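*Asks:* next come a sequence and a model predicted from it.
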Amino acid sequence: MRGTIFQDSATSLKLWFYAIYIMSATRCGISAKQLERELGVTYKTAWRMFKQIRSMLSDDDQPKLSGEIEMDESFYGGLEKNKHANKRQHQGTGGIGKTAVFGMVERKGRVVAKIVPNTQAATLMSHVIERTMPDSTVFTDEYPAYNPLQRLGYQHKRVRHATKVYVSGEAHVNTLEGFWSLTKNGIRGVYHNVGAKYLQTYLNEYAFRYNRRHSSRAMFHAMTDQITKASFAA
């Protein structure tokens, strides 16, 4: 199929579509090793198919988020104490030695999750401006990087996690915390460990599934439609 990830592939379309079906049928994903066993191909072939399919699952062309939006930063990666001594970063807490990610989610709507080089205000606000509509109501914790939100025209409400307050009226980030938990548990349980180089594609896959959680359309058809659309748009 010219213009798609299937073009010039020595692997049959039957196996490609079976691979998509297997990936679409699971809630938390499937490893390339399991794909190798299911398809009866080499691990190298399974990994290439797995990577190609997942690379198409980006929702960057979707409309901006609007309404009530939760925002939160998180960090992905193993604990420093569990790493080999020669791979440990300097001593510290929080995101030391981990990959920073930033997420935004509409309540009862879509999620956006992106790797960021840091969690400073300038970095996070550039994503906010790019992916959200002005005048939205934004909910965050007390992290200072969110201070510019009101100046940028957003209605900004905070919850004080530092004082062990996780819900204050309508202010909370529990929706986004739930998405972080889903992705981290999925990566830990299925993939065990994901490096920074490929983390964004895994986030895209989990966001793709999350954003279609209320759809009546089968995930297999959603994936094949997206793969075809993304391939021809490239």
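*Replies:* Received it, and whenever you're ready, just let me know what you need.
*Asks:* please name the residues that touch residue 161.
*Replies:* When contacts are counted by CB atoms under 8 Å, 6 or more residues apart in numbering, residue 161 touches 141, 142. Placement of C-beta: from N, CA and C, glycine included.
*Asks:* if I look at it, how far off is residue 171?
*Replies:* According to CB to CB, to the nearest Å, residue 161 and residue 171 sit 11 Å apart.
*Asks:* residue 67 too?
*Replies:* Residue 67 is 15 Å from residue 171, by CB to CB.
*Asks:* looking at those two, which is more packed in?
*Replies:* Taking neighbours as other CB atoms under 10 Å, residue 67 and residue 171 compare with residue 171 leading, 18 against 13.
*Asks:* pLDDT score for the residue in the chain sticking out farthest from the centre?
*Replies:* Distance from the centre of the chain peaks at residue 10, with 30.2 Å (CA atoms, centre = their mean). According to the predicted model, the pLDDT of residue 10 comes to 89.
*Asks:* any idea how far it is from residue 170?
*Replies:* 55 Å.
*Asks:* burial check on residue 38, number of neighbours?
*Replies:* Neighbour tally, residue 38, other CB under 10 Å: 15.
*Asks:* typed the wrong thing, it's residue 109
*Replies:* 14.
*Asks:* who's in contact with it?
*Replies:* 65, 67.
*Asks:* and stretch 183-203, how far apart are its ends?
*Replies:* Terminal residues of stretch 183-203 are spaced 7 Å apart (CA to CA, to the nearest Å).
*Asks:* hmm, I was thinking of stretch 186-196
*Replies:* 16 Å.
*Asks:* can you tell me what sits against that stretch?
*Replies:* Here stretch 186-196 has contacts from 28, 29, 30, 31, 76, 77, 78, 99, 115, 202, 206, using CB under 8 Å, 6+ apart.
*Asks:* can you list those residues in CSV and add distance to residue 166, secondary structure and pLDDT?
*Replies:* As requested, the contacts of stretch 186-196 are arranged in CSV below (distance: CB to CB, whole Å; DSSP: H, G, I helix; E, B strand; the rest coil; pLDDT from 0 to 100):
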residue, distance to residue 166, secondary structure, pLDDT
28, 25, coil, 78
29, 28, coil, 82
30, 33, coil, 87
31, 33, coil, 88
76, 22, strand, 93
77, 24, coil, 82
78, 26, coil, 58
99, 25, strand, 94
115, 26, strand, 97
202, 27, helix, 92
206, 23, helix, 94
